[in-house]
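**Student:** Have a look; sequence and predicted model below, questions after that.
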Amino acid sequence: MLFMIVERFKNGDPVPVYRRFRDHGRMAPADVAYIGSWVTPDLSRCFQIMDAPDRSRLDAWITKWDDVADFDVTPVITSADAQALVSPRL
């Protein structure tokens, strides 16, 4: 299952996040996969796509980071999957 994560760095400060990542890596459970990410130019937010079997496995990853960032999580599907769902109604 794919998830769009909006990560807001606490106090707008990305340094604690990047320092932890440098020192410990992503720290995701083995069944949670990083797909890609994009960061706003002001370095206040990160948008990530993660793949996890369910929300509880994603939450296991979030708990390792929630002291340095706030997270909004939304389950998403690909555009191709959305088109397949909508096609019968066109």
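**Tutor:** Yep, that arrived. Numbering: from 1, shown residues only.
**Student:** now the strands: where do they sit in the protein?
**Tutor:** Using DSSP state E, the strands found in the chain span residues 2-9, 33-39, 45-51, 69-76.
**Student:** Now do the last one: everything it contacts.
**Tutor:** Counting by Cβ atoms under 8 Å, 6 or more residues apart in numbering, the neighbours of strand 69-76 from elsewhere in the structure are 1-10, 17, 46, 49, 55, 58, 62, 65. Where you see a C-beta, it was placed from the backbone N, CA and C, and this is true even at glycine.
**Student:** Name the residues of it that are buried.
**Tutor:** 69, 71, 73 (16 or more other Cβ atoms under 10 Å).
**Student:** try the second one
**Tutor:** By neighbour count, with 16+ other Cβ under 10 Å as the criterion, strand 33-39 contains no buried position.
**Student:** and what of stretch 17-30?
**Tutor:** Residues of stretch 17-30 classed as buried by neighbour count (16+ other Cβ under 10 Å): 17, 20, 28, 29.
**Student:** can you pull the contacts of the first one?
**Tutor:** Looking back up the chat, that one is residue 17. 7, 9, 46, 65, 68, 69.
**Student:** what distance separates the biggest helix by length in the chain from the centre of its chain?
**Tutor:** Determined from DSSP state H, the single longest helix within the chain is helix 15-24. A distance of 16 Å separates the centroid of the chain from that of helix 15-24, by Cα atoms, centre = their mean, to the nearest Å.
**Student:** possible to save the strands of the chain as TSV with mean pLDDT?
**Tutor:** As requested, the strands of the chain are arranged in TSV below (pLDDT from 0 to 100):
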stretch	mean pLDDT
strand 2-9	98
strand 33-39	97
strand 45-51	97
strand 69-76	98
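**Student:** JSON lines for these, including distance to residue 84?
**Tutor:** Formatted as JSON lines, those follow (distance: least, Cβ to Cβ, whole Å):
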{"stretch": "strand 2-9", "distance to residue 84": "15"}
{"stretch": "strand 33-39", "distance to residue 84": "20"}
{"stretch": "strand 45-51", "distance to residue 84": "19"}
{"stretch": "strand 69-76", "distance to residue 84": "15"}
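**Student:** which residue sits closest to residue 71 in space, ignoring its chain neighbours?
**Tutor:** Sequence neighbours aside, residue 62 is the residue nearest to residue 71 in space, at 5.3 Å (criterion: Cβ to Cβ, 6 or more residues apart in numbering).
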